[in-house]
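> Sharing a model prediction with you, sequence too.
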Amino acid sequence: MALPKLEANRYSCVLPICKKKVEYRPFLVKEQKVLLIAAESEESVQANSAMIDMIKSCVYDEKEIDLDHVPMMDLEYLFIQIRIKSAGETADIGIPCTECEEVNQIEVDLRESKLEGELPNPKLELTETIGITLTYPSVNSIPEDSNPENTEDVFKMIGSCVETIYDGDEVFTRDDFNEKELMNFLDQFSVDQFEQLNNWFLEMPRFEQKINFVCSKCEASQERLLQGVSDFFE
């Protein structure tokens, strides 16, 4: 005789950047295990991969929404919403004291985390006539098994976000150049131009929440700014 099947609750939200409506369910125990194992590994690549796989499992009509191409900021927002519906509105995180290094367990209300910052202008002017337009990073723009500390992987990620290149009135789309030609174009950047491009990514909005607490050991007053999903689940 077949065992009964448990039906999950269904929720919805609107992604803040691409404005798509998404329907989702809470994650299951089997998916939580994968997240916990990934978190314990302390490998950021594995943790991000587990987060993305979990989101895809919990979202209805995932292919129709095309989660591989929505901005990573939207995926972070969606992950927090799923986490709230799955395991509660608060999370206990370990924050080391800046004075004595004692790790304090602090309860954080996930509902108070907000996407802070303005979306940068997708048009980046390199010279008086030459520039590029960029798209916000997505799962599709991050090379598989990439390492954020690997220069070549960083260049590939940046290159995948280049949507068009223009020279005066002439516009080159992704159909007009291949990856090798694009990498050669990026290699021509001056140090200042590449810094301008890198700052575009650094200025992306991020989930933030300011935490104030008193160290349980040395009683020093502490202030910590949590940034990005990984900080909320240390």
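Perfect, I can see it now.

> domains in the protein, as residue ranges please.
Domain assignment for the chain by automatic domain parsing gives 11-116+207-232, 123-202.

> Switch the ones you listed over to CSV; also include mean neighbour count and distance to Lys5.
Any C-beta I mention is one placed from the backbone N, CA and C, and that applies to glycine too. Below are those laid out as CSV (neighbours: other CB atoms under 10 Å; distance: least, CB to CB, whole Å):
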stretch, mean neighbour count, distance to Lys5
domain 11-116+207-232, 16, 12
domain 123-202, 14, 30
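
> can you redo the ones you listed as CSV with distance to Ala2 and mean pLDDT?
Formatted as CSV, the entries for these read as follows, by distance: least, CB to CB, whole Å; pLDDT from 0 to 100:
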stretch, distance to Ala2, mean pLDDT
domain 11-116+207-232, 18, 88
domain 123-202, 36, 89
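
> would a markdown table of those domains with distance to Leu3 be doable?
Formatted as a markdown table, the entries for the domains of the chain read as follows, by distance: least, CB to CB, whole Å:
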| stretch | distance to Leu3 |
| --- | --- |
| domain 11-116+207-232 | 15 |
| domain 123-202 | 35 |
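
> closest to Pro4 out of these?
domain 11-116+207-232 (15.0 Å; CB to CB).

> Can I take it that Val154 is in a helix?
Yes: when the secondary structure is assigned by DSSP: H, G, I helix; E, B strand; the rest coil, Val154 falls within a helix.

> State the distance from it to Val14.
Distance of Val154 to Val14, computed by CB to CB, to the nearest Å: 31 Å.

> Endpoints of stretch 103-115, how far apart?
Counting by CA to CA, to the nearest Å, you get 26 Å between the two ends of stretch 103-115.

> Just the residues contacting that stretch, thanks.
Identification of contacts with stretch 103-115 by CB atoms under 8 Å, 6 or more residues apart in numbering yields 16, 73, 77, 80, 83-84, 89-97, 205-209, 211, 213, 215-216, 222, 226, 232.

> Sitting in strands, which of those residues do you find?
Counting by DSSP state E, the part of the contacts of stretch 103-115 found in strands is 90-96, 206-209, 211, 213, 222, 226.

> Going by distance to Phe177, which of those wins?
In terms of CB to CB, no member of these lies closer to Phe177 than Arg206, at 30.8 Å.

> surely Asp74 meets Lys21?
No: with contact defined as CB atoms under 8 Å, Asp74 does not count as touching Lys21 (11.7 Å).

> Any chance you could list residues touching both of those two?
Both Asp74 and Lys21 are contacted by Leu15, under the criterion CB under 8 Å, 6+ apart.

> can you give me the strands in this structure?
Chain-ordered strands for the chain, with DSSP E as the definition, fall at 11-14, 21-24, 90-96, 103-109, 114-116, 123-125, 130-134, 162-167, 170-173, 206-214, 221-227.

> now for stretch 169-183, what's the gap between its first and last residues?
Start and end residues of stretch 169-183 are separated by 22 Å (CA to CA).

> if you skip the residues just before and after it, what's nearest to Asp167?
Excluding the flanking residues, the one nearest Asp167 by CB to CB, 6 or more residues apart in numbering is Ile130, at 5.2 Å.

> For Cys18, see how far away that neighbour is.
Separation of Ile130 from Cys18 (CB to CB): 28 Å.
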